[in-house]
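Enquirer: quick one: sequence and predicted model below, then my questions.
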Number of protein chains: 2
Amino acid sequence: MLLLTQTDRTIRAHLADQLADVESRFATELISDLPCVNSLVTHVERYRGKMLRPTLVLVSGLATAEAPGRPSEPHRVLATVVEMVHVATLVHDDVLDEATIRRRGDTVNRLNGNEVAVMLGDYLISHAYHLCSSLGNPTVSRIIADATNTVCEGELLQLDNRDNWNLDERTYFEIIRRKTASLCGTCCKLAVMLNDSPDTVADALYDYGEKLGIAFQIVDDLLDLIGSEDTVGKTLGRDLQKGKLTLPLIHHLTSADAPRREKLHTLLRDHAGSVRGDGDGPDNGRALAIRDLLSTSGSVGYARDRAARLVNLAKAALENLADGPARTLLADVADAVLTRKY
Amino acid sequence: MLLLTQTDRTIRAHLADQLADVESRFATELISDLPCVNSLVTHVERYRGKMLRPTLVLVSGLATAEAPGRPSEPHRVLATVVEMVHVATLVHDDVLDEATIRRRGDTVNRLNGNEVAVMLGDYLISHAYHLCSSLGNPTVSRIIADATNTVCEGELLQLDNRDNWNLDERTYFEIIRRKTASLCGTCCKLAVMLNDSPDTVADALYDYGEKLGIAFQIVDDLLDLIGSEDTVGKTLGRDLQKGKLTLPLIHHLTSADAPRREKLHTLLRDHAGSVRGDGDGPDNGRALAIRDLLSTSGSVGYARDRAARLVNLAKAALENLADGPARTLLADVADAVLTRKY
């Protein structure tokens, strides 16, 4: 789970218990009578890390419940559903990124090939909808499917902009809003809806989740660029290799002086070319040169600042909620998005 | 649509109209505000061919309706859902098979790369569940998701048996029952359930769909082995290249005399090795030698006969239905599975 430092220790312990319950439901839903399927599922269960999305469901549910208590049965099911959707996207993302390491272990595509990874991701997404339909609430199923439609659109828009060295900030934000933030917003909104709270509260919490999700993705992209593989525990530097521009690069390319802009353009083209084997072979030195250029030009700082401002906006959206420990916990979750090192 | 020859021309025309309506709903559901998504969707809309699964929904619905007439709104929605599920699996199958041609055109993975094909398949499956939830019937959503769980299990079981030259008939039938027949059975069963017909009728029509689906896959595998690419309109010979044993090969390896068994073993090993580049390059001659061996040994005939027997069993399951034009049409659909050339 996310490292929460501002939250009361008792509540943290409760949340940890509830997330363990989500893990157990996750495993139960995926059991097959085929041993070959079960061994793959056991492997991806190691992928679970921060559990941001189930945390958003559970805490949003607690923050808007009529009376304090434990999360309701539907909230626990929904928390499991969104984690399953998320893990499915991780498995397919690793195929897209040709990544070899995730959560300090080999990825499914590395171990079993892309074919198995594609089909295992499909198995996870199918089970997510299967579990979701057990809620007996077509509105929830519809909203979850609407969110996954949007996630796929975000991924397709990103793929359409591969090697687009002129990607603008507006399109970058549109990509990450769809591929990451829409599901985070939906987690919060559905948790509120399950409590029959007013639409204004559901909308405010969608806003909280969406802002937090955008910040989360900016930080994710920063870690890919400047994180340490040992700390983050997954293959890094994939965005550059896959021709994906992220916020610090876009900022540098639009705001640095002409020679420094041109320097980055040259580094990016050579790096992408070398990864694809058109040039003189992969060159980790180029990736380090890009990292240094963006750190010294202030573009890394710019991206960090944008993420921090989004976290503040997310916290401001919580003002619609009654004060209490669950609201404090939501604010703490938002802060943790910013300070995380993996 | 399937080539139906036994069916009254008026009914055939009605069915063609209803399938055109499914095509239109299919396109409407998938519209995005992103042009890059719409152009990909337009491409996969060309994949639609026989429309077996929507045909099963529509005709099963008509055959069990209280009064003769046109298919109900829920039947039309469900027919669109199952076609969308099916097209999603085609897009992902083409990634699995590294196929380059489908319905006489380039596959998405060939045109846009595997990454786009993976994500587009996800977009289709997400929209299938989205459309399904619009029925407002959690039981239908649950049964559809249950069927897609089973489809994925079948694909994973098949991948687990890649290059298994000792695959037995029981496991082969288990693979195709899950990956193909479960969805066909579900199409028929759900169509009956939407009419509130008795469970005995729903079970009988599941049985019809499942038997028909197994026969369909046997014929599909035969076309991959001995069909002509010009007639079938997609990349053929992929099963051999991907190390998938199908019914004629399993039959030959268990029933031919020792020298002919050994001849096939040698051809298979060399063919798979050459495809992977371990040997002396791809050799279409080996594929032709395998085809000839299986045709002369009677193993192709054995597989055809198994498919024919399954079609007869499927038609026998229709005896539970009231006699009428829709029942005749279901029998005709079963026959068409056997006689199809593509």
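Expert: Here it is on my side, so go on.
Enquirer: shaky segments in the stretch 1-150 of chain A?
Expert: Scanning the stretch 1-150 of chain A with the threshold set as pLDDT under 70 gives A:1, A:3, A:5-8, A:97-104.
Enquirer: where do the strands sit along it?
Expert: A:101-102, A:105-106 (DSSP state E, counting those that start in this stretch).
Enquirer: tell me the residues on the stretch 151-300 of chain A that lie near chain B, please.
Expert: Applying CB under 8 Å from any CB of the partner chain, we find that the stretch 151-300 of chain A lies next to chain B at A:151-153, A:155-157, A:159-160. Bear in mind the C-beta positions are built from the backbone N, C-alpha and C, glycine included.
Enquirer: neighbours of the residue lying closest to residue A:115 once chain neighbours are set aside, how many?
Expert: Spatial nearest neighbour of residue A:115, chain neighbours left out: residue B:96 (4.4 Å); criterion: CB to CB, 6 or more residues apart in numbering or on different chains. A count of neighbours around residue B:96, defined by other CB atoms under 10 Å in any protein chain shown, yields 22.
Enquirer: mind putting the residues of the stretch 151-300 of chain A next to chain B into TSV with pLDDT, neighbour count and secondary structure?
Expert: What follows is those, written out as TSV (pLDDT from 0 to 100; neighbours: other CB atoms under 10 Å in any protein chain shown; DSSP: H, G, I helix; E, B strand; the rest coil):
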residue	pLDDT	neighbour count	secondary structure
A:151	98	25	helix
A:152	98	26	helix
A:153	98	23	helix
A:155	96	25	helix
A:156	96	25	helix
A:157	97	22	helix
A:159	94	22	helix
A:160	95	18	helix
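Enquirer: pick the one among these closest to residue B:265.
Expert: Closest approach to residue B:265 among these (CB to CB): residue A:159, at 42.3 Å.
Enquirer: stretch A:59-75 vs chain B: in contact?
Expert: No. On the criterion CB under 8 Å from any CB, stretch A:59-75 is out of touch with chain B, staying 12.6 Å away.
Enquirer: contact residues of the stretch 1-150 of chain A facing chain B?
Expert: So far as CB under 8 Å from any CB goes, the stretch 1-150 of chain A lies against chain B at A:32, A:34, A:36-37, A:40, A:92, A:95-96, A:112-116, A:118-123, A:125-127, A:129-130, A:132-138, A:141-142, A:145-146, A:148-149.
Enquirer: give me the residues contacting stretch A:45-53.
Expert: Stretch A:45-53 has contacts (CB atoms under 8 Å, 6 or more residues apart in numbering or on different chains) with A:1-2, A:19, A:22-23, A:26-27, A:79, A:82-83, A:85-87, A:90-91, A:102-103, A:105, A:183-184, A:187, A:216, A:233, A:333, A:337, A:340, A:342.
Enquirer: okay, and which of the residues you listed map to helices?
Expert: Among the contacts of stretch A:45-53, the members falling in helices (DSSP state H) are A:19, A:22-23, A:26-27, A:79, A:82-83, A:85-87, A:90-91, A:183-184, A:187, A:216, A:333, A:337.
Enquirer: residue A:189 and residue A:140 touch, don't they?
Expert: No. Residue A:189 is not in contact with residue A:140 according to CB atoms under 8 Å; the separation is 10.4 Å.
Enquirer: between the two, who's got more neighbours?
Expert: Looking at residue A:189 and residue A:140 with other CB under 10 Å, you find the greater number of neighbours at residue A:189, namely 26 against 22.
Enquirer: and for the more buried one, nearest residue in space, chain neighbours not counted?
Expert: residue A:206 (4.1 Å).
Enquirer: looking at it, that neighbour is touching residue A:187, isn't it?
Expert: No. Using CB under 8 Å as the test, residue A:206 is too far from residue A:187 to be in contact (9.2 Å).
Enquirer: more neighbours, those two?
Expert: residue A:187 (33 against 23).
Enquirer: my read is that the more buried one contacts residue A:60, right?
Expert: Yes. Counting by CB under 8 Å, residue A:187 touches residue A:60, with 6.9 Å between them.
Enquirer: ok, now which ones touch residue A:74?
Expert: A:135, A:137, A:194.
Enquirer: roughly how far does it sit from residue A:137?
Expert: From residue A:74 across to residue A:137, the span is 8 Å (CB to CB, to the nearest Å).
Enquirer: assign residue A:166 to helix, strand or coil.
Expert: coil (DSSP: H, G, I helix; E, B strand; the rest coil).
Enquirer: quick check: the nearest residue to it once chain neighbours are set aside vs residue A:127, distance?
Expert: Leaving out its chain neighbours, the residue that sits closest to residue A:166 by CB to CB, 6+ apart is residue A:253, at 7.9 Å. Here the criterion is CB to CB. By it, residue A:253 lies 42 Å from residue A:127.
Enquirer: now do the shared contacts for residue A:74 and residue A:137.
Expert: By CB under 8 Å, 6+ apart, no residue touches both residue A:74 and residue A:137.
Enquirer: ok, back up a step: neighbour count for residue A:253 and residue A:127, which is higher?
Expert: Set residue A:253 next to residue A:127 and count neighbours by other CB under 10 Å: residue A:127 wins out with 26 against 20.
Enquirer: that one contacts residue A:30, doesn't it?
Expert: Yes. Residue A:127 lies in contact with residue A:30 (CB under 8 Å); the separation is 5.7 Å.
Enquirer: identify the contacts common to these two.
Expert: residue A:84.
Enquirer: for residue A:237, which non-adjacent residue is spatially closest?
Expert: According to CB to CB, 6+ apart, the nearest residue to residue A:237 is residue A:287 (5.2 Å).
Enquirer: mind checking the SS state of that neighbour?
Expert: Residue A:287 - assigned by three-state DSSP - is helix.
Enquirer: need the contact list for it.
Expert: Counted by CB under 8 Å, 6+ apart, residue A:287 has contacts A:237, A:240, A:271.
Enquirer: so how far is stretch A:252-272 from its chain's centroid?
Expert: The gap between where stretch A:252-272 is centred and where its chain is centred comes out at 28 Å by CA atoms, centre = their mean, to the nearest Å.
Enquirer: need the contact partners of it.
Expert: A:163, A:165-166, A:168-169, A:240-241, A:243, A:245, A:249, A:279, A:283, A:286-287, A:289-290, A:293-294, A:297, A:299, A:302.
Enquirer: which of these fall within helices?
Expert: A:169, A:240-241, A:249, A:286-287, A:289-290, A:293-294, A:299, A:302.
Enquirer: now these: which count as buried?
Expert: By neighbour count, with 16 or more other CB atoms under 10 Å in any protein chain shown, these hold A:240-241, A:249, A:286-287, A:289-290, A:293-294, A:299, A:302 as buried.
Enquirer: tell me which of those is nearest to chain B?
Expert: residue A:241 (12.7 Å; CB to the nearest CB).
Enquirer: give me the common contacts of residue A:187 and residue A:60.
Expert: residue A:209.
Enquirer: can you report how many residues neighbour residue A:78?
Expert: Neighbours of residue A:78 using other CB under 10 Å come to 30.
Enquirer: tell me the contacts of it?
Expert: A:57, A:132, A:135, A:140, A:187, A:190-191, A:194.
Enquirer: can we see that at 7 Å?
Expert: A:57, A:140, A:190-191, A:194 (CB atoms under 7 Å, 6 or more residues apart in numbering or on different chains).
Enquirer: looking at the stretch 201-342 of chain A, which residue is nearest chain B?
Expert: Counting by CB to the nearest CB, the stretch 201-342 of chain A gets nearest chain B through residue A:242, at 8.5 Å.
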